[in-house]
Structure formats: C-alpha cells, structure tokens
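turn this into a model:
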Amino acid sequence: MPVLMRTTLLAVLAVGVFTFPCNAQNGVPQTKLTTPEASLAEPFSAVAGLRELSDGRVLVSDRLEQALRIVVFGSGTVEEIGNTGQGPGEYRMPGELLALPGDSTLLVDLGNMRMTIVTPDGRLEGSESLVRPEGIFMFPSGVDEKGRIFFDVTGTMSMTPGSLPDSFAIVAFDRATQTIDTVGLLPQEQINQVSTRGEGFSFRGPGMAPFQPADAWAAGPDGRVAVARGVDYHVEWLAQGGERVVGPVVEYEPVRLTDEDKEAWADRMSQGAAVMVMSGGGGGGGGGGRTMNVPRPDVDEMEWPDVKPAFPRRAVNVSPEGEAWVERYVEYGRPVTFDVFDASGRRVKQVVLPEGRRFVGLGNGTLYAVRVDEDDLQWLERYRR
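Model prediction:
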C-alpha cells in the first residue's frame, strides 16, 4: 500500500497550566490551560477523530481531506496511511477513532458504511459493516478494554421516518461472539424531521432540534458508561447487570441564547455535519440509506429557547483514567469549558481551554485541541492537563 512520509516543523513550547483553588461560581477548582506542550506546524482541514497510542504517536482522521495520518509530535513526522476508495486498506469518509486493546484502533468509515481495524504499525484490516443483519445501524461511540463496541439503538432500517420510539438503548457489541447486550435505556428527545432540498428524503441527526436539554453519554475503558442528564444536570455511571451510580445535581446559571449562537450553530451544521439519509421505503436490507451533508438551516424558520441547556449533544468524553469530561455551554465567544466528574459522579474540577480552541480528544495525561485560523485551517496542539 502506498505510504506518504513527510517531516514538518514542530514547535515544542513551554507548558502553561494554571490552577485556581476555587471558582466562586461553582465551588470547584478550575484549571486553565494556557500554552500547548507541543503544536504541529502543518494544518488539517477538518479533524474528525483522534486517538493517542501508547508510545505517544497520534492517529488523526481528516474528514474533508479524506485522509488518515499518524503524527509523531517529538519529530514532527506525519505519515499518511491507506487510500481513498472502497477496497481493502481504503476509506471514503474517515471519522471517529476509538481505542482497541493492543494499541489497535477502530476507524469509523461512514463513506463506506463500515468500521475498519487500524493496526499499531498503520495497516488497515478487518473491515465490518456498520449495518447489522437485523437492520440496526451501528455507529460506534466508544470501545472498552475488552474490545466491546458501544453504540445507541433508536430503531432499525425498516422504521418509517418520523416514527421514533420514546427511548433508546445504549448497547455493547462483542465482536468475538457477535452478541449485543443492553447497558441502559435513555429517553428519546424530540428531534425535528428535516427534508432535504428536492430529494424527497428525511433525515434525523444530532443537533436538529438545537439547544434542547438532552442526555449525552460515553463509554469508559472499564466498560462503564457515563451519562450526563440534560434535565437536573448530573452524571450517572451505568454498568451491565443493572449497576447504577448517581452523582449529585450540579447547580448552574443558564446562559442566554444569542443571535450569534444561532448563526454559529447553523454554520456548524452546514460545514461539519454528515448524516445517514433514510428513504421512505424502509425494508430490512442495507440499500435504504446513504450519507450526505446537511444543508444550512434557516435560523429564522426555527423555534429557539431563551437559554442554553447545561451542555451540548455529544458533550461527554471519558478519559483513560476513567473520569467523565462534560463540555459545558458557555457565553458566545468564551473558551471551551469542561466539568470533570469522578467515578462516583461527583464534579471534582473544571478545565478551561485557551480562547479559539476546539477540543478533539484526550490521551494519557494529555488533551488535544485545534486552533482554527482565519482561513478555517486547523492546527493541532497537545496540552498537559
């Protein structure tokens, strides 16, 4: 397989982290990240996934460039692996990168509707369809240390668009036994059905009903699932077998929604969102869907709340150490802020990113973010947290 190797200038900078003993607003320590430990001097177009390997190398997927790369921060080396296409060792829309045992990585390839294993030495092998034989869409959102894949199930391909159930299941898929076990059930929030322009399709996807309270979740290395509750903001940990640990409610002052928030949301939907389009015919086969970008919504035709909920959709990440990181909604233009929760569901600190940064992933004691410049290029940075 062709491999492109190039070396880029890497800026290694002094690490800047400031911890304040108490934030008067919420009563927990607050850490403000300032200067990155290292930054890569070559930009990406749209970072879709990031996974830190045990030796410090970083696997990065770029959705717009349709590229998968291994970055070595110490030397600035960037190695491009695989190719664009439908065959073995190829991908069409590289997305999330999830940690598998043995330093392998699960690549979610929405363009080919499959997931592919990336070996530690950069080979792509072992692809499997994202559509289960029973018609369930399997969009992986996490992997535990046993290699089980976690995703949520809201229905099957045979469902009529608009006929969503009132709850969805978080499930764990064991690739070895090909079995699916339910971890927990969460309420299904109301999501607008949106018609594409002139194609007669409907689709649903995260964010189509903007700024509405909704639960968010992520799986941790030990197989427990962290759930941030959109109503009565708190974090719960769920495990197979019915174990449930509920943390205390977090008091917060809701942030008022502005016109700038609305326009920024519409821009994000048109620039970075890809969804599965489902035809009205249904059926149990795999031919009823494809991926497409979302047209920019008209903000004047939508209903908006007065204030933002505590956190956005897909707000939860679980660190390698087993902490739940919940991204908070803040005032427009303010730095990205996380609430960090321990294994009991108690909030233990806040972490604030530098201004103008977008969070892209957590590693062992590290945090990865991108700085977006005036040309919308994304510059990858690594911080000590």
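
C-alpha only now, for contacts and for neighbours.
Noted.

count of neighbours near residue 57?
17 (other Cα atoms under 10 Å).

go on, residue 243?
Neighbour tally, residue 243, other Cα under 10 Å: 11.

mind showing which ranges of this protein have poor pLDDT?
1-26, 154-166, 188-208, 271-294 (pLDDT under 70).

element containing the most centrally placed residue in it?
Closest residue to the average C-alpha location of the chain: residue 314 at 6.0 Å, with Cα atoms, centre = their mean. Of the helices and strands defined by DSSP states H and E, none includes residue 314.

again, but for residue 117
Per DSSP H and E: strand 114-118 holds residue 117.

okay, buried residues for the helix or strand just after that strand please.
Helices and strands here follow DSSP H and E; after strand 114-118, the next one along the chain is strand 124-129. By neighbour count with 16 or more other Cα atoms under 10 Å, strand 124-129 contains the buried residues 124, 127, 129.

kindly report the same for stretch 248-264.
Those would be 257, 258, 261, 262, 263, for stretch 248-264 by 16+ other Cα under 10 Å.

swap in stretch 143-155?
143, 144, 147, 148, 149, 150, 151, 152, 153, 154, 155.

turn those residues into a markdown table, columns for secondary structure and distance to residue 373.
Below are these laid out as a markdown table (DSSP: H, G, I helix; E, B strand; the rest coil; distance: Cα to Cα, whole Å):
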| residue | secondary structure | distance to residue 373 |
| --- | --- | --- |
| 143 | strand | 32 |
| 144 | coil | 35 |
| 147 | coil | 37 |
| 148 | coil | 38 |
| 149 | strand | 35 |
| 150 | strand | 34 |
| 151 | strand | 33 |
| 152 | strand | 34 |
| 153 | strand | 37 |
| 154 | coil | 37 |
| 155 | coil | 40 |
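
got a list of what residue 235 touches?
Counting by Cα atoms under 8 Å, 6 or more residues apart in numbering, residue 235 touches 226, 227, 228, 229, 246, 247, 248, 249, 341, 345, 346.

from these, which two are the most distant?
Maximum pairwise distance among these (Cα to Cα): 14.6 Å, between 226 and 249.

so residue 295 sits against residue 266, correct?
No - using Cα atoms under 8 Å, residue 295 is not in contact with residue 266; the gap is 9.0 Å.

neighbour count: those two, which is higher?
residue 266 (20 against 17).

the more buried one belongs to a helix?
Yes - counting by DSSP: H, G, I helix; E, B strand; the rest coil, one finds residue 266 located in a helix.

from residue 385, how far out is it?
31 Å (Cα to Cα, to the nearest Å).

before we move on, the earlier item: tabulate the buried residues of stretch 248-264 (TSV), appending secondary structure and distance to residue 357.
As requested, those are exported to TSV (three-state DSSP; distance: Cα to Cα, whole Å):
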residue	secondary structure	distance to residue 357
257	coil	21
258	coil	20
261	helix	17
262	helix	19
263	helix	19
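
what residues are bridge-paired with the closest residue to residue 327 other than its chain neighbours?
Excluding the flanking residues, the one nearest residue 327 by Cα to Cα, 6 or more residues apart in numbering is residue 338, at 4.4 Å. On the basis of DSSP bridges, residue 338 is bridged to residue 327, residue 351.
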